[in-house]
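A.B. asks: The following comprises the amino acid sequence and a computationally predicted model.
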Amino acid sequence: MGLFQNLKHSIMKTRVLSFYYHNGIGWVRIFGKGLSWKNLHTHILLFGERNGYTKGIRIGKWYVSILK
């Protein structure tokens, strides 16, 4: 019985949707998987993004990457 109560408790605490957006930068997560984006006219690329350590793509004026 204790195992099922713990499982139910962990499922009930799982967030389905989380998001953030402010001033041209943001991210969204659905069931723990997500995307982040950045407006390149407002924000510069960070060191890891410029040199390929962080994987992402440029789409017009936006930089989009997958959240881990």
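C.D. replies: Received, thanks.
A.B. asks: Flag every buried residue along stretch 24-39.
C.D. replies: Residues of stretch 24-39 classed as buried by neighbour count (16 or more other C-beta atoms under 10 Å): 29, 34, 36-38. Where you see a C-beta, it was placed from the backbone N, CA and C, and this is true even at glycine.
A.B. asks: Would you confirm that residue 29 belongs to a strand?
C.D. replies: Yes. Counting by DSSP: H, G, I helix; E, B strand; the rest coil, residue 29 is part of a strand.
A.B. asks: Tell me what it is bridged to.
C.D. replies: Bridge pairing for residue 29 (DSSP bridges) gives the partners residue 18, residue 34.
A.B. asks: Enumerate every residue touching it.
C.D. replies: Taking C-beta atoms under 8 Å, 6 or more residues apart in numbering, we find residue 29 in contact with 15, 17-19, 67.
A.B. asks: Among those residues, show me the least confident.
C.D. replies: Ranked by pLDDT, the contacts of residue 29 bottom out at residue 15 (73).
A.B. asks: From residue 57, how far out is that one?
C.D. replies: 26 Å (C-beta to C-beta, to the nearest Å).
A.B. asks: Then residue 63?
C.D. replies: In terms of C-beta to C-beta, residue 63 sits 7 Å off from residue 57.
A.B. asks: Which one of these two is surrounded by more residues?
C.D. replies: residue 63 (21 against 9; other C-beta atoms under 10 Å).
A.B. asks: Was I right to think the more buried one contacts residue 50?
C.D. replies: No. Here residue 63 does not reach residue 50: they are 10.1 Å apart, not a contact under C-beta atoms under 8 Å.
A.B. asks: returning to that earlier point: what's the closest of the buried residues of stretch 24-39 to residue 23?
C.D. replies: Among the buried residues of stretch 24-39, residue 38 lies closest to residue 23 (C-beta to C-beta), at 10.2 Å.
A.B. asks: confidence score at the residue nearest to residue 47 when sequence neighbours are not counted?
C.D. replies: Among residues not flanking residue 47 along the chain, residue 53 sits closest, at 7.6 Å (C-beta to C-beta, 6 or more residues apart in numbering). In this prediction, residue 53 carries a pLDDT score of 93.
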